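Novice: Return atomic coordinates for the entry below.
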Amino acid sequence: MTATDGGSATGGDAGAGDSEADDGREGPGRGPGGEPDKGPGEGPSNGPGEGPGEGQGGDTVAAVVRQWRAVHPDLDTGPMEIIGRINRCAALLQQAEDAPLRRAGLSRAEFDLLGALRRTGHELTPGELARETFSSGAAVTKRLKQLTERGLVERRGDTRDRRVAHVRLTDTGRDVVDGILPEQLAYESAVLSGVDGPRQGELATLLGGLLGQLEGRLDALRA
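Specialist: Modelled structure (predicted):
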């Protein structure tokens with residue numbers, strides 16, 4: 001495991017929602033993050049007398065960091081402790097089954113698309129939907145086809161440019177979003193129930209600051 005271990009931390013798409021794992025379901029023999037299921041005690045191996053995540057709340061990333069420190073004591077593993085945990089949390093959350101969405105027959109990615117149309121309050125083009133949901137154009141096209149067939153969205157051509165389509169919610173689609181959202185928020189609150197209110201606020205602030213920096217810097221770092 002390196003700083004990127006624990007699963008993808010992508011904010012939106014990389015085909016998300018288009019496969020069994022993307023819909024938040026774990027395949028046979030797979031654990032959270034797409035890893036093979038482990039038996040009891042089969043996490044990262046530890047040195048004598050060391051338990052997984054010792055000194056860091058028992059999380060698996062702490063054990064991995066400790067192993068890397070033993071291999072490369074001269075390297076600063078601080079970034080790994082942050083990025084590794086963010087990636088691991090993202091993988092677990094993406095693998096967690098969103099029960100309200102599952103009952104409605106929707107994937108998280110499909111609900112995000114419907115939600116973008118609902119919260120913006122107006123028609124969007126497929127390209128705009130891709131930006132709003134951090135998805136690829138191909139993935140949005142596939143989801144729109146499925147949602148259109150279900151009568152949740154409808155498309156109309158642009159009067160000036162036939163290559164452009166405009167997408168909007170149908171009345172049924174709007175009712176679906178408005179019906180699911182309260183239940184989904186209650187479900188997500190339950191997922192975060194182990195973190196008390198003030199600490200959730202602190203975490204949201206810290207993550208917001210990090211996200212704001214990354215959104216402005218990653219393109220430059222990749223160049």
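
Novice: Would you point out the helix or strand in this protein whose mean pLDDT is lowest?
Specialist: One helix or strand of the chain scores below all others by mean pLDDT, DSSP states H and E: helix 197-222, with a mean of 86.

Novice: Pull out the buried positions in that helix.
Specialist: Within helix 197-222, no residue is scored as buried using 16 or more other C-beta atoms under 10 Å. The way it works is simple: take the backbone N, C-alpha and C, and place the C-beta from them, glycine included.

Novice: What of stretch 77-95?
Specialist: Residues 77, 80-81, 83-88, 90-91, 93-95 are the ones in stretch 77-95 that count as buried (16+ other C-beta under 10 Å).

Novice: want to throw those residues into TSV with pLDDT, distance to A109 and secondary structure?
Specialist: Converted to TSV, the buried residues of stretch 77-95 look like this (pLDDT from 0 to 100; distance: C-beta to C-beta, whole Å; DSSP: H, G, I helix; E, B strand; the rest coil):
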residue	pLDDT	distance to A109	secondary structure
T77	93	33	coil
M80	93	29	helix
E81	93	30	helix
I83	94	24	helix
G84	94	25	helix
R85	94	24	helix
I86	94	20	helix
N87	93	19	helix
R88	92	21	helix
A90	89	15	helix
A91	87	16	helix
L93	84	14	helix
Q94	77	10	helix
Q95	74	14	helix
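
Novice: Ramachandran angles for T125?
Specialist: Main-chain torsions, T125, degrees, to the nearest 10: phi -80, psi 160.

Novice: wait, it sits on D161?
Specialist: No: taking contacts as C-beta atoms under 8 Å, T125 lies outside contact range of D161: 10.3 Å.

Novice: So the residue nearest the centre of the chain versus V65, what's the distance?
Specialist: In the chain, the centroid-proximal residue (C-alpha atoms, centre = their mean) is Q94; its distance is 4.8 Å. From Q94 across to V65, the span is 22 Å (C-beta to C-beta, to the nearest Å).

Novice: one step back: can you give me the separation between the residue nearest to the centre of the chain and L75?
Specialist: 29 Å.

Novice: go on, A116?
Specialist: A116 sits 41 Å away from L75, going by C-beta to C-beta.

Novice: Looking at those two, which one has more neighbours?
Specialist: A116 (21 against 11; other C-beta atoms under 10 Å).

Novice: for the spatially closest residue to the more buried one that is not a sequence neighbour, what are its contacts?
Specialist: Sequence neighbours aside, E132 is the residue nearest to A116 in space, at 4.1 Å (criterion: C-beta to C-beta, 6 or more residues apart in numbering). For E132, the contact set (C-beta atoms under 8 Å, 6 or more residues apart in numbering) comprises A116, T120, L124.

Novice: pLDDT score for E132?
Specialist: pLDDT for E132: 93.

Novice: ok, which stretches of the chain are strands?
Specialist: For the chain, the strands defined by DSSP state E occupy 153-157, 165-169.

Novice: Who are the packing partners of the last one?
Specialist: Using 3 or more C-beta pairs under 8 Å, 6 or more residues apart in numbering; DSSP states H and E, the elements in contact with strand 165-169 are helix 108-120, helix 126-132, strand 153-157.

Novice: in the protein, what spans have low per-residue confidence?
Specialist: Where the chain drops to pLDDT under 70, the residues are 1-57, 218-223.

Novice: Go again with 80.
Specialist: 1-58, 94-97, 216-223 (pLDDT under 80).

Novice: Run a quick neighbour tally on T159.
Specialist: 8.
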